[in-house]
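> model this:
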Amino acid sequence: MSKIKPSKGAPYARIMGVGGYRPVRVVPNEVILETIDSSDEWIRSRSGIATRHWASPEETVAAMSVEAAGKAIADAGITPEQIDAVVVSTVSHFKQTPAIATEIADRIGAGRPAAFDISAACAGFVYGLTLAKGMVVEGSAGHVLVIGVERLSDLTDLEDRATAFLFGDGAGAVVVGPAQEPMIGATVWGSEGDKSDTIRQTVPWDDFHAGATKAGATEAGSREKFPAITQEGQAVFRWAVFEMAKVAQQALDAAGITPEDLDVFIPHQANMRIIDSMVKTLKLPESVTVARDVETTGNTSAASIPLAMERILATGQAKSGDTALVIGFGAGLVYAATVVTLP
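Presented below is the predicted three-dimensional model:
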């Protein structure tokens, strides 16, 4: 017989508050067209993106996260000292160690919480949300801060016609805490590593020539461009539309609800065509509000779902207590979907 004392956590977990930060600089398609042979009409028809936000040197991964975290903590009605764990999902923090979560925890005044980073690309926020739910229910944390943050402008090849217009910067955060009823459903998640080359970094860090310049720029004598994100667009589109719709349906089934029970759909903001196709495949009724933040924010990878959640609540398109389906999917290829009650 085990001598270990059973842990005592909350019966359930919920999202208590949400916050977001978008860099000050708004970048229209016209700026992207300075380095690729395309048109505003082509970019909009392919992606639905009209503008995106690019961070200044001062708007670092940590700085954007601190801003989003402060809003989420205030929205949750707690103090930073009540945060017991900080989970940060990002692919654009360029230090292997230490985790950026530790710096963020210190800067928000959280004391000495558990703090770590995860790398799950565009599914990272839902991965973090799932981990946070487990911590609260298991009892190792009372309140968990989950942040999705990216500076993808640092990883964008501005000469790549297929991807130059896609990516933006920003941070989104939520506070996960105790609940007396189910408010975060079971997560349906997984990976398809055989497709890992479909979305990838162009150059591994250990192969990158120290004299190379930022992605898209050139310099005499530089052997390589700065590492950037590249993808096989058609393959990703087909996978996202057909396979991820199945995962979304599985998440609905796991939560015991139907599309008619949904109030809101918040998918990863990858591409407007993908979002619209998923809505059609899932046969969501017109009463369901669909987040389309990608139009003005672009694809912000791990930050896209919390940023879309924050905006859809702030604009009144959704309200506290609404039932929302969220799904993230991206490089790996990885995916994760769940149903939540909005804070």
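
> in this protein, which spans are strands?
Counting by DSSP state E, the chain has strands at residues 12-21, 25-28, 51-54, 85-89, 114-118, 144-151, 169-179, 188-191, 199-201, 229-231, 264-267, 289-290, 323-330, 334-341.

> in the second one, which residues are buried?
Using 16 or more other CB atoms under 10 Å as the test for burial, strand 25-28 gives residue 27. From N, CA and C alone the C-beta is placed, and that goes for glycine too.

> list the strands paired with it, with their directions.
strand 51-54 (antiparallel) (DSSP bridges).

> contacts for the strand it pairs with?
22-29, 153, 167-170, 295-298 (CB atoms under 8 Å, 6 or more residues apart in numbering).

> tell me where the stretch 1-150 of the chain has helices.
Along the stretch 1-150 of the chain, counting by DSSP state H, counting those that start in this stretch, helices occupy 29-32, 40-47, 61-76, 100-107, 124-138.

> can you check which of these gets nearest to residue 234?
Closest of those to residue 234 is helix 40-47, at 11.2 Å (criterion: CB to CB).

> just checking, what packs against the closest one?
When contacts are defined as 3 or more CB pairs under 8 Å, 6 or more residues apart in numbering; DSSP states H and E, helix 40-47 packs onto helix 29-32, helix 272-282.

> alpha carbons of the shortest one, as PDB, please.
Meaning helix 29-32. What follows is helix 29-32 as a C-alpha-only set of coordinates in PDB (Å, rounded to 0.1, in the frame of the first residue of the first chain):
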ATOM      1  CA  ASN A  29      -0.100  44.900 -46.500                       C
ATOM      2  CA  GLU A  30       1.400  47.800 -48.400                       C
ATOM      3  CA  VAL A  31       4.600  47.400 -46.300                       C
ATOM      4  CA  ILE A  32       4.800  43.700 -47.000                       C
END
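
> got the buried residues for it?
So helix 29-32, judged by 16+ other CB under 10 Å, has buried residues 29, 32.

> what's next to it, contact-wise?
Around helix 29-32, the neighbours that count as contacts under CB under 8 Å, 6+ apart are 38, 40, 43-44, 49-51, 158, 164-165.

> what about it, distance to the chain center?
Distance of helix 29-32 from its chain centroid, counting by CA atoms, centre = their mean, to the nearest Å, is 24 Å.

> also the longest one?
Using CA atoms, centre = their mean, the distance from the centre of helix 272-282 to the centre of the chain it belongs to is 18 Å.

> burial count for residue 341?
18 (other CB atoms under 10 Å).
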